[in-house]
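*Asks:* Quick one, fold the following:
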Amino acid sequence: MKLLYGIYDFMWGDLVTIPLPGGGTLGLSLLVIVLVLAGLFFTVRTRFLPVRLFPEMLRLVTERRPGKKNGISGVQTFIISTATRVGMGNLVGVVAAVSAGGAGAVFWMWVTALVGSSTAFIESTLAQIYKEKDPLYGGYRGGPAYFIHALVTRVSRRKRRYSVIAVLFAVSGLICWCGISQVIGNSVSSSLYNAFHIPPLFTAIVLVAISSVIVLRKNATVKVLDKVVPIMAGCYFFITLFIIIKNVSLLPHMFRQIFSEAFGLRQAVAGGFGAVIMNGVKRGLFSNEAGSGSAPCAAAAADVDHPAKGGLLQALGVFLDTIVICSCSAMIMLLAPADTIRGLAGMDLLQSAMQYHLGRFGVVFIAVILLLFSFSTFIGILFYARPNIAYLCGDNWVSQTAYKLLALVMLFVGCMAAYTFVWDLGDVGIGLMTLFNMVALFPLSGEALASLREYERLIKARRKKEP
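*Replies:* Residues are numbered from 1 along each chain as shown. All right, here's what the predicted structure looks like:
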């Protein structure tokens, strides 16, 4: 445990502390420094891709090109990665960020999403370039473990079954996703108990039973997420839209509050400017997962006719997660009177805001949407685990099923009790994934950029042919 927490502090603790006016400080962790610098670097190298090619991203979502037999389409992998991005963190995490950093944290969350989109494009395009045939599930598989292995093989100039960094990435990912399974179970059982007084044991049995039917079948994951994710994200968005329309007169004040606190002198003088920036940046970085290497595990499975298409779809996923869904959570809270939510935090804060806007229905709605968000996250992370288990253990159903059963056990345990150690284990896992992923992203990024330039030439050619 000392080793675990030592690694945790190294990655998440303040590596650099910058003094600010008013006596405050801005603490920067290793992971924040790495991800922000990587995001800025890739944003410049892609010539601000999230802005330039946003219309093309939207076009790809509506493009009708179904995957081949036993394969999945680019839009389906977009849905899978969105399922894991649009998780419980979009509810509790955003509220926690705004609680600690104020309304200004929302602005820095938006900025981080724009920066992270470029990183998501690079890693997902590389996953497409280095994908392999999947003999077990059909279609394709890949991700950071595969392009890290390719890089190490190229540098060492000799073939090998494993490479150390790729193995470490795969193991870190499996540890992280197992820890997240426990956190998901705890969040779902707690919310259902608060809203409906359902005993945790009953929640655990039903949730694990339903999950087992889905994840232990060969390709049920994609079919279920195809239906659940659009419904849950759409419901949450339209409920928020209703709340915004209902409180339209308060919007100018809300946006003034967001922008004034993002750069406001009041926070600097009070010594809280560092909290404003860092809570927004951290929430944005680790909600959309750009750079962690998770989404490329899904992006590699896409049956698309150009690698850059897979990258652009995942870049759009970052936008959807942070700019749309996370903003929905922030607006629900910021449009509620300050007296209604003063002194509250986490789910209590969000449910109180929803109760103000929609009455008892709002409390029930948050509990149900959290259940759907968390359930889709669980299914999605098991899809992420597939290629990493195959890299470590080879192509066999025994190892695939064994990990699924372990994740189901963790889901059951999480419903019954919360173990802080497992939560921290998940944080360490995603942190290590990010560092190992970055080892390959920079040296291989030229290939993704070359793919982008080629695809942009195809876009220009297509537009010339259009009437």
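*Asks:* surely residue 193 meets residue 201?
*Replies:* No: at 10.6 Å, residue 193 and residue 201 do not qualify as touching, with contact defined as C-beta atoms under 8 Å. All C-beta spots, glycine's among them, are computed from the backbone N, C-alpha and C.
*Asks:* higher neighbour count, these two?
*Replies:* residue 193 (16 against 12; other C-beta atoms under 10 Å).
*Asks:* ok, which stretches of the stretch 151-300 of the chain are helices?
*Replies:* All helices of the stretch 151-300 of the chain, identified by DSSP state H, counting those that start in this stretch, fall at 164-196, 200-215, 220-246, 251-263, 265-269, 273-288, 295-299.
*Asks:* likewise the stretch 351-467 of the chain?
*Replies:* 360-393, 397-416, 420-465.
*Asks:* now for the ones you listed, which one comes closest to residue 49?
*Replies:* Across the helices of the stretch 351-467 of the chain, residue 49 has its closest neighbour in helix 420-465 (7.3 Å, C-beta to C-beta).
*Asks:* could you give the angle of the closest one to helix 164-196?
*Replies:* Here the directions of helix 420-465 and helix 164-196 differ by 100 degrees (axes from the mean of the first three to the mean of the last three C-alpha atoms, to 10 degrees).
*Asks:* sorry, back to before: JSON lines for the helices of the stretch 351-467 of the chain, including mean pLDDT?
*Replies:* JSON lines is the format used below for these (pLDDT from 0 to 100):
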{"stretch": "helix 360-393", "mean pLDDT": "84"}
{"stretch": "helix 397-416", "mean pLDDT": "86"}
{"stretch": "helix 420-465", "mean pLDDT": "85"}
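*Asks:* Dump the ones you listed into JSON lines; add mean neighbour count and distance to residue 233 as well.
*Replies:* Formatted as JSON lines, the entries for these read as follows, by neighbours: other C-beta atoms under 10 Å; distance: least, C-beta to C-beta, whole Å:
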{"stretch": "helix 360-393", "mean neighbour count": "22", "distance to residue 233": "9"}
{"stretch": "helix 397-416", "mean neighbour count": "18", "distance to residue 233": "22"}
{"stretch": "helix 420-465", "mean neighbour count": "17", "distance to residue 233": "22"}
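*Asks:* So for residue 256, which of these sits nearest?
*Replies:* When the helices of the stretch 351-467 of the chain are compared by C-beta to C-beta, helix 360-393 sits nearest residue 256, at 25.4 Å.
*Asks:* residue ranges with poor pLDDT in the stretch 251-400 of the chain?
*Replies:* 263-288, 341-348 (pLDDT under 70).
*Asks:* From the structure, what's the count of residues near residue 51?
*Replies:* Residue 51: 10 surrounding residues under other C-beta under 10 Å.
*Asks:* can you tell me how far it sits from residue 125?
*Replies:* Going from residue 51 to residue 125 by C-beta to C-beta, to the nearest Å gives 18 Å.
*Asks:* for the helices of the stretch 351-467 of the chain, which one sits closest to residue 212?
*Replies:* So among these, helix 397-416 is nearest, using C-beta to C-beta, at 6.0 Å.
*Asks:* then that closest one to CSV, C-alphas only?
*Replies:* Taking Å, rounded to 0.1, in the frame of the first residue of the first chain, the C-alpha atoms of helix 397-416 are listed here in CSV:
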residue,chain,number,x,y,z
TRP,A,397,-12.0,-17.6,-24.3
VAL,A,398,-10.7,-18.7,-20.9
SER,A,399,-8.8,-15.5,-20.2
GLN,A,400,-11.5,-13.3,-21.7
THR,A,401,-14.2,-14.9,-19.5
ALA,A,402,-12.0,-15.0,-16.4
TYR,A,403,-11.5,-11.2,-16.5
LYS,A,404,-15.3,-10.6,-17.1
LEU,A,405,-16.1,-12.8,-14.0
LEU,A,406,-13.5,-10.8,-12.0
ALA,A,407,-15.1,-7.5,-13.0
LEU,A,408,-18.6,-8.9,-12.1
VAL,A,409,-17.3,-9.8,-8.7
MET,A,410,-15.9,-6.3,-8.2
LEU,A,411,-19.2,-4.9,-9.3
PHE,A,412,-21.0,-7.0,-6.7
VAL,A,413,-18.5,-6.0,-4.0
GLY,A,414,-18.8,-2.4,-4.9
CYS,A,415,-22.6,-2.5,-4.4
MET,A,416,-22.2,-3.7,-0.9
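*Asks:* For that helix, which helices and strands make contact with it?
*Replies:* Contacts defined by 3 or more C-beta pairs under 8 Å, 6 or more residues apart in numbering; DSSP states H and E place helix 397-416 against helix 164-196, helix 200-215, helix 360-393.
*Asks:* If you count neighbours, what's buried in the second one?
*Replies:* Going back to what we said before, that points to helix 200-215. By neighbour count with 16 or more other C-beta atoms under 10 Å, helix 200-215 contains the buried residues 200, 203, 204, 207, 208, 211, 214, 215.
*Asks:* got a list of what the fourth one touches?
*Replies:* Looking back up the chat, that one is residue 207. For residue 207, the contacting residues are 185, 188, 189, 375, 411, 412, 415, by C-beta atoms under 8 Å, 6 or more residues apart in numbering.
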